[in-house]
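J.: Okay, sequence plus prediction incoming.
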Amino acid sequence: MTRQWGQKLSRAQLFSKSPRLILLPLVLLAGCAHQPARAPLVIAPVAIAEVPAVVEAPAPAISAEAAPAPLAADAGSAAPAADPGATADALDSGTTTDSEGLPGPPADSLVIVKQPELFARLRAGFQLDDVDEPAVASQLNWFANHPDFLERTWGRAGLWLYYIVGQLEQRKMPAELALLPVIESAFEPYAYSRARAAGIWQFISDTGRRFGLKQDWWYDGRRDPVEATRAALDYLQALNDEFDGDWLLAVAAYNCGELTVSRAIQRNQRLGKPTDFWHLKLPTETRGYVPELLAMRRLVANPERYGLEFSRIANEPYFVAIATGGQIDLTVVAEIAGVSVADLYELNPAFHRWATDPTGPYRLLVPVDAAEGLQDTILHLTPEQRMRVDHYTVRRGDTIATIARRYATNPDVIRELNDLAASDLPVIDAVLRVPSPNIQLPEKAMRAAMLVDSPQRRLRRGGHRPDIHVVRRGDTLYALAQRLGTDVQTLAQVNGIRAGARLHAGQKLHFGASSVLLSDASAGTARSIAATGAQTASEGGRRMTYIVRRGDTLYGIARLLQVTVNELMGWNGMSGERNLKPGQTLVAFVKTRNAG
């Protein structure tokens with residue numbers, strides 16, 4: 001992908017002198033996408049032969065040159081693992097835009113190893129042994145013969161890899177662990193698995209909370225690449241300690257859980273068998289997970305050997321953390337910074353509403369070249385400038401539900417904006433904050449909000465049981481939408497299927513009050529969601545076809561095409577794996593960078 005750097009820096013400084021006038025000219029500031037240009041990935045599919053162990057080149061000489069100011073990510077000296085609470089405090093309370101805004105020692109305390117580009121620096125930190133195992137060669141063959149997957153993955157990795165490598169260096173952990181997000185999520189912060197794991201490190205909800213990742217209506221720390229990286233490295237360090245320094249067992253436990261690995265070790269001990277990873281009886285997914293990491297390590301260590309040429313990733317920070325001083329509308333920040341709203345959400349995927357979380361974290365990540373003067377400007381905004389909301393005076397007969405309908409939103413949104421409990425009733429003549437009618441989220445953020453608001457999630461949190469319709473023979477989405485008082489796009493989005501999907505008798509569809517929760521994902525109207533859903537195939541993605549091969553699974557094909565399993569089934573009118581046959585042609589609409 002290619003993204004042009006905008007020259008908007010001095011505007012924030014100008015606006016800081018007159019914050020009350022800030023929103024008048026902001027609409028004139030068109031933000032450009034922010035990412036260094038990269039040459040296209042050149043990959044020739046090859047068959048992988050047996051590969052000898054990789055011999056690492058010695059690291060370059062150490063330079064006493066100071067680290068870049070925005071992040072302390074290219075550290076070469078050790079630092080203890082960050083404490084989750086201390087890290088959160090550092091991120092939430094900082095008021096500077098340099099390395100103090102993120103975990104790790106200050107930049108001026110570090111001795112760094114300068115590398116010409118990030119892959120060279122990554123290789124210099126490899127610590128794991130290459131192994132001659134058939135499972136590794138098999139996974140390596142898959143990667144080398146799927147260039148589209150690698151191209152999309154490294155394109156997304158360019159935002160986060162520099163930071164992750166730096167955190168591993170500070171903790172003296174193997175640099176290969178920076179490749180785990182390739183396996184987990186293809187470096188997609190909005191990735192969401194069937195097991196309900198989220199983010200580039202794929203934390204499930206309970207494990208995320210165990211390692212200090214906040215999750216609420218406004219924010220999901222599992223999708224925060226900075227906080228999730230801290231939590232993932234804390235978890236991996238703990239697992240490494242538990243398994244006596246064996247990193248392969250630690251990685252296996254990250255995938256299937258430490259209890260599963262411990263039981264497998266105990267089983268082998270009783271049988272007098274070796275207890276290393278390669279001899280343990282572990283779940284099928286885990287038996288492939290560790291070889292995937294080692295295959296990716298081998299690929300990155302010597303891409304030319306396999307006919308690969310990776311696009312260069314600069315060995316420099318892409319983003320910097322700035323303090324917001326409280327809740328703020330992300331569109332306001334984007335306009336001041338001179339970046340697009342989509343790009344700001346891309347750097348801050350944990351926020352899935354129109355504004356940051358009112359209870360923190362009070363920081364945002366912005367491109368380095370857009371940060372100058374931005375924090376000072378934001379901290380001088382008035383409350384009215386920070387949040388684009390309207391105000392409504394309660395009248396006789398009003399309820400939270402009727403006010404929500406008036407503003408085409410959901411009652412939960414009104415309660416959240418006004419800190420009202422579910423049992424609170426509006427008081428006549430009270431002034432309530434209501435969403436501005438012109439708010440619309442980028443599509444990925446809207447989908448994340450829809451997951452939070454889904455009937456299943458609300459039921460697990462103790463909400464009301466959703467309304468369910470059992471499909472009868474002859475039912476269509478259009479007819480059901482008319483009968484249920486909704487539209488086709490909303491009904492399809494609620495149930496994770498495409499608008500033109502065929503229904504089968506016995507299929508269960510969610511609808512009713514719980515389904516209307518989709519409207520608050522854009523804090524606007526249900527019409528805006530329907531419009532966005534209609535654009536997904538025609539405007540938001542490139543139509544691709546895939547010929548099913550023997551051994552393919554829906555999950556594997558969806559991961560390759562970077563779509564969800566539900567989307568793949570919906571586009572092809574499928575109900576499960578039993579519909580998958582070799583030679584079958586599947587259709588998918590794959591998002592492109594320019595479509596975001």
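T.: Thanks, I have the structure now. Residues are numbered from 1 along each chain as shown.
J.: Count the residues that sit near G397.
T.: Neighbourhood size, G397 [other Cβ atoms under 10 Å]: 7. C-beta here means a position set from N, CA and C on the backbone, and glycine is covered the same way.
J.: N145: how many residues sit nearby?
T.: Neighbours around N145, by other Cβ under 10 Å: 15.
J.: Check the one 3 residues further on too.
T.: Residue crowding around D148 was assessed by other Cβ under 10 Å; the count is 14.
J.: Does it lie in a helix or a strand, and which?
T.: Here D148, judged by DSSP states H and E, is contained in helix 147-171.
J.: who's in contact with the very next helix or strand once past that helix?
T.: Toward the C-terminus, helix 147-171 is succeeded by helix 180-185 as the next helix or strand (DSSP H and E). The contact list for helix 180-185, computed with Cβ atoms under 8 Å, 6 or more residues apart in numbering, reads 153, 157, 160, 164, 187, 191, 199-202, 232, 251, 254, 289, 292-293, 296.
J.: Narrow these to those in helices?
T.: Here DSSP state H is the test, and those give T153, A157, W160, I164, A232, V251, Y254, Y289, E292, L293, M296 as lying in helices.
J.: what residues are up against the first one?
T.: With contact taken as Cβ under 8 Å, 6+ apart, T153 is in contact with V182, A186, F187.
J.: Read off the pLDDT value for the nearest residue to it once chain neighbours are set aside.
T.: For T153, ignoring the flanking residues on the chain, the nearest one in space by Cβ to Cβ, 6 or more residues apart in numbering is A186 at 4.4 Å. pLDDT, the model's per-residue confidence, is 95 for A186.
J.: For A186, grab phi and psi.
T.: phi 60, psi 30 (degrees, to the nearest 10).
J.: buried ones in the helix or strand where Q385 lies?
T.: If you go by DSSP H and E, Q385 is part of helix 383-386. Residues of helix 383-386 classed as buried by neighbour count (16 or more other Cβ atoms under 10 Å): Q385, R386.
J.: cool, and stretch 291-306?
T.: 291-301, 303, 306.
J.: Strands along the chain, start to end?
T.: All strands of the chain, identified by DSSP state E, fall at 42-43, 308-309, 319-323, 363-367, 389-393, 431-435, 467-470, 508-511, 541-547, 585-591.
J.: per-residue pLDDT, the closest residue in space to R123 that isn't next to it in sequence?
T.: Distances taken as Cβ to Cβ, 6+ apart place A301 nearest to R123, at 5.7 Å, with adjacent residues excluded. We note a pLDDT of 96 for A301 in this prediction.
J.: now swap in A422 and tell me
T.: With respect to pLDDT, A422 scores 83.
J.: Could you check how far it is from A157?
T.: 42 Å (Cβ to Cβ, to the nearest Å).
J.: If you count surrounding residues, which of those two has more?
T.: A count of neighbours by other Cβ under 10 Å puts A157 above the other of A422 and A157, at 22 against 9.
J.: So which bits of stretch 352-367 are buried?
T.: 352-358, 360-367.
J.: avg pLDDT for that stretch?
T.: Mean pLDDT, stretch 352-367: 92.
J.: Please name the residues that touch the nearest residue to V563 once chain neighbours are set aside.
T.: Distances taken as Cβ to Cβ, 6+ apart put A588 closest to V563, at 5.4 Å, once the chain neighbours are dropped. Counting by Cβ under 8 Å, 6+ apart, A588 makes contact with G541, R543, M544, T545, Y546, L561, V563, E567, L568, W571.
J.: For those residues, give me TSV that also has neighbour count.
T.: Putting those into TSV (neighbours: other Cβ atoms under 10 Å) gives the following:
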residue	neighbour count
G541	19
R543	11
M544	13
T545	8
Y546	16
L561	21
V563	19
E567	19
L568	22
W571	20
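J.: Domain parsing of this protein, as residue ranges.
T.: Per automatic domain parsing, the structural domains of the chain span 9-35+318-386, 42-47+61-309, 389-435, 443-535, 540-595.
J.: Which of those domains has the lowest mean pLDDT?
T.: Among the domains of the chain, domain 443-535 scores lowest, with a mean of 59.
J.: got a list of what the closest residue to T476 other than its chain neighbours touches?
T.: Nearest-residue entry for T476: L503, 6.6 Å, with adjacent residues in sequence omitted and distances by Cβ to Cβ, 6+ apart. Applying Cβ under 8 Å, 6+ apart to L503 gives the contacts V471, D475, T476, L477, L480, L509.
J.: Give me the buried entries from the residues you listed.
T.: Buried by 16+ other Cβ under 10 Å: V471, D475, L477, L480, L509, out of the contacts of L503.
J.: so how far is R194 from the last one?
T.: I take that to be L509. 19 Å.
J.: quick revisit: would you mind checking which of the buried residues of stretch 291-306 is nearest to W247?
T.: L293 (9.6 Å; Cβ to Cβ).
J.: I figured the closest one was touching L179, is that so?
T.: Yes: contact status for L293 versus L179: in contact at 6.1 Å, counting by Cβ atoms under 8 Å.
J.: Figure out the length between the terminal residues of stretch 548-564.
T.: 17 Å (Cα to Cα, to the nearest Å).
J.: Would you point out the most distant pair within the contacts of L503?
T.: Taking Cβ to Cβ as the measure, those have their most distant pair in T476 and L509, spaced 11.5 Å apart.
J.: ok, now which ones touch the spatially closest residue to A178 that is not a sequence neighbour?
T.: Spatial nearest neighbour of A178, excluding adjacent residues (Cβ to Cβ, 6+ apart): I164 at 4.6 Å. Residues in contact with I164 (Cβ under 8 Å, 6+ apart) are A178, P181, T229.
J.: switch the cut-off to 10 Å
T.: Applying Cβ atoms under 10 Å, 6 or more residues apart in numbering, we find I164 in contact with 73, 122, 157, 175, 177-181, 187, 200-201, 225-226, 229, 232-233.
J.: coming back round to it: remind me what the helix holding Q385 packs against, helices and strands.
T.: Packing partners of helix 383-386 (3 or more Cβ pairs under 10 Å, 6 or more residues apart in numbering; DSSP states H and E): helix 23-26, helix 330-337, helix 374-379.
J.: Could you verify my assumption that Q170 touches T229?
T.: No: the criterion here is Cβ atoms under 10 Å, and Q170 misses it with T229 at 11.4 Å.
J.: Run through the helices of the stretch 201-350 of the chain in chain order.
T.: 205-210, 225-242, 247-256, 258-271, 284-301, 330-337, 341-347 (DSSP state H, counting those that start in this stretch).
J.: Which of the ones you listed sits closest to S311?
T.: Among the helices of the stretch 201-350 of the chain, helix 284-301 comes nearest to S311, with 12.7 Å by Cβ to Cβ.
J.: ok, how many other residues are close to H146?
T.: 15.
J.: Distance of it relative to L118?
T.: 22 Å.
J.: Over to Q127?
T.: Distance of Q127 to L118, computed by Cβ to Cβ: 17 Å.
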